[in-house]
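Enquirer: Got a predicted structure plus its sequence, pasted below:
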Amino acid sequence: MPLIRVLNRLRGFVSRKHGLESLGAQSHRFQHTATHSSSCNYQLLPDCLELNYGGLVMHFDYVWLRDHCRSASCYNSKTNQRNLDTASIDLTIRPSKSRVDEHNLFLTWPDGHVTRYNLAWLAQNSYEGQMRSAIQPRILWNAHIYSSAKVPAANWDKFMSCDEELKNFLNNFLLYGIAFVEGVPPTLEATETVTQRVSLIRETIYGRMWNFTSDFSRGDTAYTKLALDRHTDTSYFQEPCGIQVFHCLRHEGTGGRTLLVDGFHAADTVLQQTPENFQLLSHVPIKHDYVENLSDHRNHMIGIGPVLNVYPWNNEVYMIRYNNYDRSVINTVPHDVVRRWYVAHRKLTAELRRADNELWVKLKPGKVLFVDNWRVLHGRESFTGLRQLCGCYLTRDDVLNTARSLGLQA
Ligand SMILES: C[N+](C)(C)CCCC[C@H](N)C(=O)O
Ligand SMILES: O=C(O)CCC(=O)C(=O)O
Ligand SMILES: [Fe+2]
C-alpha cells in the first residue's frame with residue numbers, strides 16, 4: 001500500500017493534494033452571474049460565493065456565511081461568542097438577495113434575516129487570506145545565526161516592572177524559541193516570581209517548581225551527573241509541556257554546560273532536502289513513555305504523536321517531539337513504514353547533531369533561561385561536583401496569551 005494511503009487510514013488525514021483541493025474543484029461547473037462594485041466584485045456560484053477584493057479571490061461556503069453572521073441576534077459581541085445555533089441552518093441555504101457597498105457585503109437570507117460582512121474582515125478570515133498571510137514570524141537559527149543576532153537578555157528589575165521589557169523578551173522568545181532574564185536573585189522564589197510575570201506554572205509529576213541535584217531522587221537520567229543528548233521534555237505527555245524554565249542556583253565543579261538546538265531549523269532542512277523524510281516524521285505516530293518505579297514515585301505516562309507535528313492546512317511545523325531516551329516501542333505502523341521511518345529519523349538526527357547547529361551556554365546563578373519545549377531541544381554536558389538546577393514548566397496557552405495581550409502576533 002502506498003505510504004500516503006497507509007497514513008490517511010491511520011490518522012484520517014486529509015492531505016491538501018488528495019482531499020481538500022478536489023473537494024473545491026467543482027465550483028465552476030455551473031453558470032453564474034457576476035456583480036461589480038468599485039472596490040470589489042463577487043459572484044454567487046451554485047455552491048459558494050466568490051469574492052474578489054483587494055486583489056484576492058476568495059470562496060465562501062453559504063452555510064459558512066450564514067454561520068458567521070455577526071448581527072446582534074447571531075453573535076454576542078460583548079462576550080465574543082456565537083448565539084446562533086449552527087445546527088439550525090439549512091445545509092442547502094442560499095442568499096435570496098445580495099449587494100455590496102464600498103466596505104461591506106450584504107446578504108439577505110430566505111427568512112429575511114440580513115447579514116452585513118465587512119469586506120476586510122472577510123479577506124482576513126477567508127481560507128485564501130490565511131494561506132497568503134505570513135506564518136508565525138520566527139527566525140530559524142544555528143549557533144552562528146543566534147550568536148550574531150546578539151539578542152539582548154532581559155534585566156530582572158526592568159522585566160518585573162516594565163511591560164516594554166516583557167514585550168521585547170517575549171518577542172525574542174517567539175522569534176528564537178529561547179530567551180534569557182539576567183540579574184535574577186539565585187533563589188527558587190525569585191525564579192517562581194520571574195516565571196509568573198510570563199505565565200501560569202504547569203504542575204506535573206515533577207511538582208510545580210522543581211529544584212534538583214544529581215541525587216537520583218527520581219527514576220530519570222536528569223537526576224544524575226551524566227551527559228544528556230539533545231531532547232525535548234515530557235514527550236510522553238499527550239500535550240508536552242510548552243515551555244521549560246531553567247535556573248542554575250549553584251555549581252561547584254566542572255562541565256555541565258547546557259546545549260540548545262533549534263528543532264524547527266533541523267526540520268526545515270529535512271523538508272528542503274528530503275521531503276519524503278519530512279512526510280514520514282510528520283505522519284507516523286510514535287509512542288513515548290515514562291515509567292518510574294520508586295517507592296515514593298510510581299508513574300506511567302504515555303504520549304502518542306508524530307515527531308514533527310504540522311498544521312494540516314499549511315504544513316507548518318508547530319511542535320517537535322524528540323527524545324530518544326523516552327521513546328517507547330514502535331508498534332503503530334507496519335514494518336516497511338518502520339524501515340523508512342528509521343531512515344527519516346536518522347536524517348533528522350544528523351541535522352540536529354550538526355556541530356554548527358549546537359548552541360552551548362553555561363547557566364550561572366542569576367541567569368534564567370526560558371526554552372520553547374515545542375521547538376528547541378536541550379541537553380547537557382556531564383559534570384562534576386554539586387550542581388543545583390531549579391525551574392518549572394509553563395502552560396503554553398498562557399505564555400501566548402500574555403504575548404497577545406502585549407500586541408504580539410502569537
Ligand atoms: C528534572 N526535570 C523535572 C526538569 C525534568 C525531568 C524529566 C526528564 C524526562 N526524561 C524528560 O525528558 O521529560
Ligand atoms: O541538567 C540539565 O542541565 C538539564 C537536564 C534536563 O534535561 C532536564 O531537567 O530536563
Ligand atoms: Fe530535559
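Expert: Cool, got the structure. What you see is a predicted model; the values in this text were computed from it and never measured. Ligands and ions are numbered 1, 2, ... in the order given.

Enquirer: Near ligand 2, which residues of this protein are found?
Expert: Residues of the chain lying close to ligand 2 (CB under 6 Å from any ligand atom) are 222, 228, 233, 258, 378, 380, 389. Where you see a C-beta, it was placed from the backbone N, CA and C, and this is true even at glycine.

Enquirer: Out of these, which comes closest to residue 331?
Expert: Nearest to residue 331 among the residues of the chain next to ligand 2, counting by CB to CB, is residue 233 at 23.5 Å.

Enquirer: Just to confirm, what's the three-state secondary structure of the closest one?
Expert: coil (DSSP: H, G, I helix; E, B strand; the rest coil).

Enquirer: To what extent is it buried, counted in neighbours?
Expert: 19 (other CB atoms under 10 Å).

Enquirer: Tell me how far it lies from ligand 1.
Expert: As judged by CB to the nearest ligand atom, to the nearest Å, residue 233 and ligand 1 stand 4 Å apart.

Enquirer: How about the closest residue to ligand 2 within the stretch 251-400 of the chain: what's its closest non-neighbour residue?
Expert: Going by CB to the nearest ligand atom, ligand 2 is nearest to residue 380 of the stretch 251-400 of the chain, at 3.6 Å. Nearest residue to residue 380, sequence neighbours excluded (CB to CB, 6 or more residues apart in numbering): residue 228, at 4.9 Å.

Enquirer: Look at the one you found and report its pLDDT.
Expert: The model reports residue 228 with a pLDDT of 98.

Enquirer: who touches it in this structure?
Expert: Shown in contact with residue 228 (CB atoms under 8 Å, 6 or more residues apart in numbering): 221, 222, 325, 379, 380.

Enquirer: which of the residues you listed come close to ligand 1?
Expert: Within the contacts of residue 228, those near ligand 1 by CB under 6 Å from any ligand atom are 222, 325.

Enquirer: Most neighbours out of the contacts of residue 228, which is it?
Expert: residue 380 (22 neighbours).

Enquirer: Now do the residue of the stretch 251-400 of the chain closest to ligand 2, the pLDDT please.
Expert: The predicted structure lists residue 380 with a pLDDT of 98.

Enquirer: how much space between the residue nearest to residue 380 and residue 324?
Expert: 10 Å (CB to CB, to the nearest Å).

Enquirer: shared neighbours, those two?
Expert: By CB under 8 Å, 6+ apart, no residue touches both residue 228 and residue 324.

Enquirer: hang on, residue 164 in a helix?
Expert: Yes: assessed with three-state DSSP, residue 164 lies in a helix.

Enquirer: residues in contact with it?
Expert: Contacts of residue 164 by CB under 8 Å, 6+ apart: none found.

Enquirer: Point me to the residue of the stretch 1-150 of the chain nearest ligand 2.
Expert: Closest point on the stretch 1-150 of the chain to ligand 2, by CB to the nearest ligand atom, is residue 143, at 17.7 Å.

Enquirer: Tell me how many other residues surround the residue lying closest to that residue once chain neighbours are set aside.
Expert: Distance criterion CB to CB, 6+ apart; nearest residue to residue 143, sequence neighbours excluded, is residue 359 at 4.7 Å. Here the number of neighbours of residue 359 (other CB under 10 Å) works out to 21.
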